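Visitor: take a look and give me a structure for this.
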Amino acid sequence: MTEQDKLQHRIALSLIKGIGPKLARNLIAYLGSESALFEEKLPVLAKVPGIGPALEQLLRKIDRQDLLQQAEKECQFIEKHKITPVFFSDPAYPGRLSFCEDAPLMVYIHGQVCYDAPKTIAIVGTRTPTDNGKELCEKLVSDLAVRHPGTLIISGLAYGVDITAHSAALKSGLPTIGVLAHGLDRIYPP
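Guide: Residues are numbered from 1 along each chain as shown. Reported below is the predicted structural model:
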């Protein structure tokens with residue numbers, strides 16, 4: 001199996017509605033690989049302890065080939081846009097996420113990222129903060145920069161508090177990571 005096939009199977013697994021990160025990890029552990037879910041016959045999958053019959057029912061409702069085609073489109077997109085996919089079992093997967101049992105199977109990276117900054121803080125909030133709320137967010141970030149240089153700021157990429165946190169981080173010389181909560185094919189706000 002090529003690395004491209006492996007990536008396609010990993011992405012396809014992450015696209016299955018009804019199989020979350022925890023269940024996916026259990027399936028991989030039992031089946032031996034993410035690819036087995038797409039290569040094994042349904043009766044074999046039905047024997048997975050504790051989830052077999054439910055998994056078989058789920059897989060009967062979906063088209064595994066269609067999932068693989070969707071995953072192939074994702075592969076083309078990430079290659080075209082120079083996005084790095086990182087699977088939970090890859091050495092490059094963020095160490096702090098590996099302690100969360102429901103952490104995402106895949107993270108997609110664009111740009112340079114240092115996950116292991118000694119100090120990290122996530123700042124999220126309303127999309128319609130008051131002027132006072134924005135000022136408080138900016139002050140929090142600038143104070144962090146003074147007291148704890150190098151603190152990594154993590155936030156979403158939505159309007160409001162999220163953008164305020166990123167902007168304040170950049171102004172203060174702090175590293176920042178923007179987390180997308182939707183597909184790779186759109187950044188909100190644009």
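
Visitor: just to be sure, Gly133 is in a helix?
Guide: Yes. With DSSP: H, G, I helix; E, B strand; the rest coil as the criterion, Gly133 is located in a helix.

Visitor: residues touching it, list them.
Guide: Shown in contact with Gly133 (C-beta atoms under 8 Å, 6 or more residues apart in numbering): Gly125, Thr126, Val161. Quick note: C-beta positions are derived from backbone N, CA and C, even for glycine.

Visitor: can you list the weak-confidence ranges in the chain?
Guide: 50, 52, 182-190 (pLDDT under 70).

Visitor: most centrally placed residue in it?
Guide: Taking C-alpha atoms, centre = their mean, the centroid of the chain lies closest to Val107, which sits 3.5 Å from it.

Visitor: give me the beta-bridge partners of it?
Guide: For Val107, the beta-bridge partners under DSSP bridges are Val86.

Visitor: quick one on the thing from earlier: could you dump the contacts of Gly133 into CSV and include distance to Ser172?
Guide: Output for the contacts of Gly133, formatted as CSV (distance: C-beta to C-beta, whole Å):
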residue, distance to Ser172
Gly125, 18
Thr126, 22
Val161, 16
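
Visitor: out of these, which are buried?
Guide: For the contacts of Gly133, a neighbour count by 16 or more other C-beta atoms under 10 Å gives the buried set as Gly125, Val161.

Visitor: can you tell me which of the contacts of Gly133 are in helices?
Guide: Per DSSP state H, helices hold the following members of the contacts of Gly133: Val161.

Visitor: out of the contacts of Gly133, who's nearest Glu79?
Guide: Distance to Glu79 across the contacts of Gly133 (C-beta to C-beta) is lowest for Val161, with 33.4 Å.

Visitor: how about that closest one, what does it touch?
Guide: Neighbour list for Val161: Ile123, Val124, Gly125, Thr126, Arg127, Pro129, Gly133, Lys134, Cys137, Ser155 [criterion: C-beta under 8 Å, 6+ apart].

Visitor: need those in TSV (columns: distance to Glu3).
Guide: Formatted as TSV, the contacts of Val161 follow (distance: C-beta to C-beta, whole Å):
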residue	distance to Glu3
Ile123	36
Val124	35
Gly125	40
Thr126	42
Arg127	39
Pro129	44
Gly133	46
Lys134	45
Cys137	42
Ser155	32
